[in-house]
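Colleague: Any chance you can model this:
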Amino acid sequence: MNLLARISRQFEDSAQTKLAAMESLAAPIAQAVEAMTGALLAGGKIMACGNGGSAADSQHFAAELLNRFEKERPPLAAVALTTDTSTLTSIANDYAYDQVFAKQVRALGQPADVLLAISTSGNSPNVVEAIRAAHERELRVVALTGKGGGAMAPLLKDTDVHICVPSDRTSRIQEVHLLTLHCLCDGIDCMLLGEDE
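Modeller: As a prediction, the model looks like this:
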């Protein structure tokens, strides 16, 4: 086994996937930036959810908005629905795991808000249910998926935004998801603060 060649191939595959995704994802990422910035300017917030690595991405994104990304600015309203273990375990225990995000969306969501729903496959039942709850509460949804969008894709409305990574490989999808989150943060800062000279 040539470990160095294998590692180099991982870098090459990641770079190629990102470059291939650039053309198809730039427009929906820009739409998501506009939706999220509009929500924040209207006094709304961004709620994010996902499982596993996507839960970590939800927390990462909320932290970048609440604290800062690359520019000094006031904190922005964002919450990861993945962090309160008492809430998550009580809902999962008393109802079902597929309701752990939906119940939070129904309790906290307002029409000015945006739900960032992250699932590499697009098939996570609890993220699907969160989208349904978001629509009940009149929230816009930004869906961050891969593998064709799975069960989430047909649930999305014309006012929602679907950022679907054109890949079937989970690791590559997750890598593009992280880049997308950084593009969202940068775009929001740019729209709120203006471009750097």
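
Colleague: Show me where this structure dips below the pLDDT cut-off.
Modeller: 196-197 (pLDDT under 70).

Colleague: Please enumerate the strands of it.
Modeller: Applying DSSP state E to the chain gives strands spanning 46-49, 78-80, 114-118, 140-146, 161-165.

Colleague: Between those strands, which one is closest to Tyr97.
Modeller: strand 46-49 (12.5 Å; CB to CB). Backbone N, C-alpha and C define where each C-beta goes, glycine included.

Colleague: would you put the C-alpha positions of the closest one in CSV?
Modeller: In CSV, the C-alpha atoms belonging to strand 46-49 read as follows (Å, rounded to 0.1, in the frame of the first residue of the first chain):
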residue,chain,number,x,y,z
ILE,A,46,-31.5,30.9,11.4
MET,A,47,-32.1,27.5,12.9
ALA,A,48,-29.9,24.6,11.8
CYS,A,49,-30.2,20.8,12.2
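
Colleague: Quick check: buried residues in that strand?
Modeller: 46-49 (16 or more other CB atoms under 10 Å).

Colleague: and what of stretch 68-81?
Modeller: 69, 76-81.

Colleague: Quick check: the gap between Thr120 and Ser171.
Modeller: Per CB to CB, to the nearest Å, Thr120 is found 9 Å from Ser171.

Colleague: Make CSV from the strands of the chain and add distance to Glu12 to it.
Modeller: Output for the strands of the chain, formatted as CSV (distance: least, CB to CB, whole Å):
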stretch, distance to Glu12
strand 46-49, 30
strand 78-80, 32
strand 114-118, 25
strand 140-146, 19
strand 161-165, 17
